[in-house]
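K.L.:
Next come a sequence and a model predicted from it.
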Amino acid sequence: MPKRDYYEVLGVPRAASDDDIKSAYRRLARQYHPDVAKENPKVAEEKFKELSEAYEVLANPEKRRRYDELGFSAVESEFGPGGFGWQNFTHQADLEDLFGSSALFRQLFEGFGAPYGGRGRRDSGRGSDVEMTLRVPLSAAVHGARPTLEVPHDRPCADCRGTGAKGGTAFEVCPECGGQGQVRRVQSRGYTQLITIGECPRCHGAGRRILERCPTCGGSGRLSSVEKIEIDVPAGIEDGAVLRVPGHGGIGRPGGRPGDLYVQVAFDPTPSIRRAGQDAYTETTIPLATALLGGQVTVPTIDGRADLKIPPGTQPETQFRLRGHGFPRLRGSARGDLLVTAHVEVPRSLSGRQREQLREALGAATPAAEGRRESFFRRRGT
Ligand SMILES: [Zn+2]
Ligand SMILES: [Zn+2]
């Protein structure tokens, strides 16, 4: 595939602003991300990579200037011998809100050596990532929240310094692997030598043999504990969004950094409110008299209740708009609207006096029609 001009790849003019470039990239990433592209994921991944390379260069003013002047050769040298790879991509954060919760998204960046949203290579002793769900009331979408999350962790046992051996010394280096934890097996197949590196069968990768177990941790070298972390839930957040808390995942092996904590936000079910983007929808039932004469009712909102003025002569299923009672944007203060559908409650039965009064008030058409129906039943009944 011949290399295409970066501006052409993103479909923007050479004079495009930084914002134009960013929004073009996000729009195309939405289309070609392997997670969302339904047909041919291989092609989609190639496309996504091509886009990301173009964005990597054009989003950086210095690289963009060099590319504008001298072309590919001025920027490609930085990508290494194989050309652009995911380890060269530094703008994961620009896509995090689109794909951050997707396992494939994270795998794509982590698997290629670039730690998710981070710098440098992924170290091998790194702790595992931890995923948790955090339930918050719907009002958190408006005001934000700072709930405390209890994260179960393993931490190294202090008594044995994480070795699992009593006092941190009651072990011997595994004689099978010499402390490497790995053994190399060499097989010959014809002229081909097959070298397999596998876990040491004697120490199962530990590299040492415990002579006496640490009584505190039972030889595992780890103790479980609970870390309490305040999670900053920003206003405007969507249901199911994922917050990344770096360094609060599983602990790594000695020398390795800890993994990250991924917190998926789930709103408490609020049946009375439905969300569509920044707008909220709810329903209310008003008495017939209020629909006819007008009045005021209270309606449920995201974070409480609000008064709604009902004008006289309101028709059933009228939709009212309460401005500014919807959801805010993630970065911004303006709120959407609350749309209230008003059902009208029609009484199932009336007293004789109410009947008379209504007949009088609403005119003569009703009694005539009702009279005919009554005579019909009287004829059938007798
Ligand atoms: Zn061994
Ligand atoms: Zn211990």
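P.N.:
Yes, it's here. Ligands and ions are numbered 1, 2, ... in the order given.
K.L.:
What mean pLDDT does stretch 143-150 get?
P.N.:
Averaging pLDDT along stretch 143-150 yields 91.
K.L.:
What is the end-to-end distance of it?
P.N.:
Start and end residues of stretch 143-150 are separated by 22 Å (C-alpha to C-alpha, to the nearest Å).
K.L.:
Map the structural domains onto the sequence of this protein.
P.N.:
Split into domains by automatic domain parsing, the chain comes to 1-122, 171-210, 274-345, 352-381.
K.L.:
Now do the end-to-end distance for stretch 300-317.
P.N.:
End-to-end for stretch 300-317, by C-alpha to C-alpha: 17 Å.
K.L.:
Mean confidence (pLDDT) on that stretch, please.
P.N.:
94.
K.L.:
And it, how far out from the chain middle?
P.N.:
33 Å (C-alpha atoms, centre = their mean, to the nearest Å).
K.L.:
same question, stretch 341-361
P.N.:
Worked out by C-alpha atoms, centre = their mean, stretch 341-361 lies 50 Å from the chain centre.
K.L.:
and the end-to-end length of it?
P.N.:
Start-to-end, stretch 341-361 (C-alpha to C-alpha) is 28 Å.
K.L.:
can you pull the buried residues of it?
P.N.:
Ala342, Val344 (16 or more other C-beta atoms under 10 Å). In this view, the C-beta of every residue, glycine as well, is placed from N, C-alpha and C.
K.L.:
follow-up on the earlier one: quick one, which of the domains of the chain gets closest to Leu243.
P.N.:
The closest of these to Leu243 is domain 1-122. By C-beta to C-beta, the value is 8.7 Å.
K.L.:
mind listing what the one helix or strand Val183 maps to pairs with, with the direction of each?
P.N.:
Here Val183 is covered by strand 182-189, with elements defined by DSSP states H and E. Strand pairing for strand 182-189, determined by DSSP bridges: strand 192-199 (antiparallel).
K.L.:
Now the strand it pairs with - C-alpha only, PDB.
P.N.:
Backbone C-alpha positions of strand 192-199 (Å, rounded to 0.1, in the frame of the first residue of the first chain) are rendered in PDB as follows:
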ATOM      1  CA  THR A 192      16.300 -27.800  13.200                       C
ATOM      2  CA  GLN A 193      17.000 -27.100  16.800                       C
ATOM      3  CA  LEU A 194      13.900 -26.200  18.700                       C
ATOM      4  CA  ILE A 195      14.600 -24.300  21.900                       C
ATOM      5  CA  THR A 196      11.700 -24.000  24.400                       C
ATOM      6  CA  ILE A 197      11.900 -21.800  27.400                       C
ATOM      7  CA  GLY A 198       9.500 -22.800  30.100                       C
ATOM      8  CA  GLU A 199       8.700 -22.600  33.700                       C
END
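K.L.:
which residues in the stretch 1-150 of the chain form strands?
P.N.:
With DSSP state E, counting those that start in this stretch as the criterion, the stretch 1-150 of the chain has strands at 130-136, 148-156.
K.L.:
relative orientation of the first one and strand 148-156 in degrees?
P.N.:
Put plainly, it is strand 130-136. Interaxial angle, strand 130-136 versus strand 148-156 (axes from the mean of the first three to the mean of the last three C-alpha atoms, to 10 degrees): 160 degrees.
K.L.:
Tell me the helices and strands packed up against strand 130-136.
P.N.:
strand 148-156, strand 261-267 (3 or more C-beta pairs under 8 Å, 6 or more residues apart in numbering; DSSP states H and E).
K.L.:
between the ones you listed, which one is nearest to ligand 2?
P.N.:
Closest to ligand 2 of these, according to C-beta to the ion: strand 148-156, at 8.2 Å.
K.L.:
if you average pLDDT over the helix or strand just after the closest one, what comes out?
P.N.:
Moving toward the C-terminus from strand 148-156, the next helix or strand (DSSP H and E) is strand 171-173. The pLDDT scores in strand 171-173 average 86.
K.L.:
List the contacts of the nearest residue to Arg329 once chain neighbours are set aside.
P.N.:
Once flanking residues are discounted, Arg329 sits nearest to Gly236: 5.0 Å by C-beta to C-beta, 6 or more residues apart in numbering. Residues in contact with Gly236, defined by C-beta atoms under 8 Å, 6 or more residues apart in numbering, are Ala141, Phe327, Pro328, Arg329, Leu330, Arg331, Gly332.
K.L.:
how about 10 Å then?
P.N.:
140-142, 144, 278, 327-333, 335 (C-beta atoms under 10 Å, 6 or more residues apart in numbering).
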